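Q: Model the structure of this input:
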Amino acid sequence: MSMCSPQQTAVEKLADLERINKLLKSRMFRFTPQTVQPQRGAAFPVNSFSFDLYGDSLVSYLPYFGEAQMPQINPSRGPLDFTTGNFSYSSKPGKKGNSRITIVMNDPLLDAQEFFLTVSSGGFTNMRVRFSGRQAISFNGEITALPAKR
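A: Numbers count the residues shown, from 1 in each chain. You can find the predicted model right below:
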């Protein structure tokens, strides 16, 4: 994926914008974090994690670092390691050509309550996650098309 750069032509920027808007409208995309920012502490790089939206299902495989105010429902998995179809999705235009996505979990068995994504026209994305019983966490990365199934 190409990120917006000073050398990028207007045609390339428009193509990026159209591609990202198509992915967001289809509700079929992958968010791949490159850095994680716990509520306390410094940001650091991560790899091999993803957050996949398949229209009406969501597969989250993200790390979590922070404090919990209540015990975890499933201690064998992290609070951001789940699959669900019980959520609502909304999208609206943001500032400077960005898109703002809100995903609200409707599953009482999940600690994660809301995901807020701010997506640039080039696909760079900031994701903030709010929980019911633990500290929030943020990720920076990219939105891309889902990988082809093998």
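
Q: Apart from its chain neighbours, what residue comes closest to residue 39?
A: Distances taken as CB to CB, 6 or more residues apart in numbering put residue 135 closest to residue 39, at 4.2 Å, once the chain neighbours are dropped. (Glycine included, C-beta is placed from N, CA and C.)

Q: That neighbour: how many residues sit nearby?
A: Residue 135: 16 surrounding residues under other CB atoms under 10 Å.

Q: And residue 90, by the same measure?
A: 9.

Q: Same check on residue 77?
A: Other residues close to residue 77 by other CB under 10 Å number 11.

Q: Neighbouring strands of the strand ranked longest in the chain in the sheet, and parallel or not?
A: Scanning the chain for the longest strand, with DSSP state E as the assignment, gives strand 28-38. Here strand 28-38 is paired, per DSSP bridges, with strand 44-45 (antiparallel), strand 50-54 (antiparallel), strand 137-144 (antiparallel).

Q: what's stretch 36-43 in contact with?
A: Contact with stretch 36-43 is made by 35, 44, 46, 63, 65-67, 135-140, as judged by CB atoms under 8 Å, 6 or more residues apart in numbering.

Q: and which of those is nearest to residue 17?
A: residue 140 (19.5 Å; CB to CB).

Q: Quick check: bridge partners of that closest one?
A: Bridge pairing for residue 140 - DSSP bridges - gives residue 35, residue 126.

Q: Correct me if wrong: it contacts residue 123.
A: No. Between residue 140 and residue 123 there is no contact under CB atoms under 8 Å: 11.8 Å.

Q: So those two - more neighbours on which side?
A: Using other CB under 10 Å, the more surrounded residue of residue 140 and residue 123 is residue 123, with 23 against 16.
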